[in-house]
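[1] everything below, folded, please.
(2 chains)
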Amino acid sequence: MNELLNLSEHILKFSTILSVIGIAISLVLLLYRMLIGPSNADRAVALDTIGMGLMGLAALLSIILSSTNFNDVILLIGILLFIGTLAIAKFLEKGVIIDRNLD
Amino acid sequence: MIETWTNIILNIIISFFILSGSFFLLSSSIGVVRFPDVYTRLHAATKASTLGISGILIGTFLYLYVAHSIVSGKLLLAILFTFLTVPVSGHMISRAAHRKEVKPLTNNQNDEYEEALQKSMKETARKK
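    The predicted model follows:
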């Protein structure tokens, strides 16, 4: 019984490391797209997905360190990512972020 | 006895959730690199990464419940917030791209959003 428990914990640790490696590869690919993207909208899309990868990386870090202090970090990254993406989209569309012309 | 079996099964379930979530994040980034157009890239980036991030956060929630016996409401709130905000940001980016610079890739279909935009602009010009 204890061997099975140890085995499942080793499986969990191994899969966590594998997921960190996968997210690192995806961040490298998205950074490539963000550097060479033909238009600015491509860069905005890649930046949005990079924020998603950072949220997942913080969650995996809280599993590895077995800590609960990263929950605030995850939520805060999500909120700031939303506001930043909206600001980038507004800037790409009109050239200004805050204006009174609401069409 | 029963607690040991429960821990074993929960560890397996947590590893499944985490691995599937990171797989979907990786496939979404491959889609962002490989697809030819802004709109198809946006399709890959929003849907697959929403699924991946919710899988990873569910796995973390279960892990914190097993290891520390903590029910963390912030992770559930993060999942809900992701589900609410990612379609909105995708819509804003595609709207900005369509209005500003990028045309859709397929030229053999008619662009209905462009036609509706022209019609509404004509109506506002007539009202003024």
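
[2] check contacts around A:F82.
    Shown here is A:F82, whose contacts under the criterion CB atoms under 8 Å, 6 or more residues apart in numbering or on different chains are B:F81, B:T85, B:V88, B:S89. C-beta coordinates here come from the backbone N, C-alpha and C atoms, glycine included.

[3] any idea how far the first one lies from B:T50?
    Spatial separation of B:F81 from B:T50 under the definition CB to CB, to the nearest Å is 11 Å.

[4] mind checking which of those two has more residues around it?
    A direct count of neighbours by other CB atoms under 10 Å in any protein chain shown for B:F81 and B:T50 places B:T50 higher, at 20 against 17.

[5] is the more buried one in a helix, a strand, or coil?
    Reducing the assignment to helix, strand or coil with DSSP: H, G, I helix; E, B strand; the rest coil, the entry for B:T50 is helix.

[6] for the helix or strand A:G22 falls within, what is the average pLDDT?
    Assessed by DSSP states H and E, A:G22 sits inside helix A:2-36. Summarised as a single mean, pLDDT over helix A:2-36 is 91.

[7] so which elements touch whichever helix or strand comes after that helix?
    Going down the chain from helix A:2-36, the next helix or strand is helix A:40-64, by DSSP H and E. Where contact means 3 or more CB pairs under 8 Å, 6 or more residues apart in numbering or on different chains; DSSP states H and E, helix A:40-64 is packed against helix A:2-36, helix A:71-94, helix B:2-34, helix B:38-67, helix B:73-100.

[8] most tightly packed of those helices?
    The highest mean neighbour count among the helices and strands packed on helix A:40-64 belongs to helix B:38-67 (a mean of 23), with neighbours defined as mean count of other CB atoms under 10 Å in any protein chain shown.

[9] so which elements touch that one?
    If you count contacts as 3+ CB pairs under 8 Å, 6+ apart, helix B:38-67 packs onto helix A:2-36, helix A:40-64, helix B:2-34, helix B:73-100.

[10] okay, now A:D42: neighbour count?
    22.

[11] try B:E114
    For B:E114, the neighbour count with other CB under 10 Å is 13.

[12] for it, which residues are in contact?
    Listed by CB under 8 Å, 6+ apart, the contact set of B:E114 reads B:H98.

[13] about what we covered before: what is the orientation angle of the helix holding A:G22 with helix B:38-67?
    In this structure, helix A:2-36 runs at an angle of 150 degrees to helix B:38-67, with axes from the mean of the first three to the mean of the last three CA atoms, to 10 degrees as the basis.

[14] ok, helix A:2-36 near chain B or not?
    Yes - part of helix A:2-36 sits near chain B under the criterion CB under 8 Å from any CB of the partner chain, namely A:2, A:4-5, A:8-9, A:11-12, A:14-16, A:18-20, A:22-23, A:25-27, A:29-30, A:32-33.
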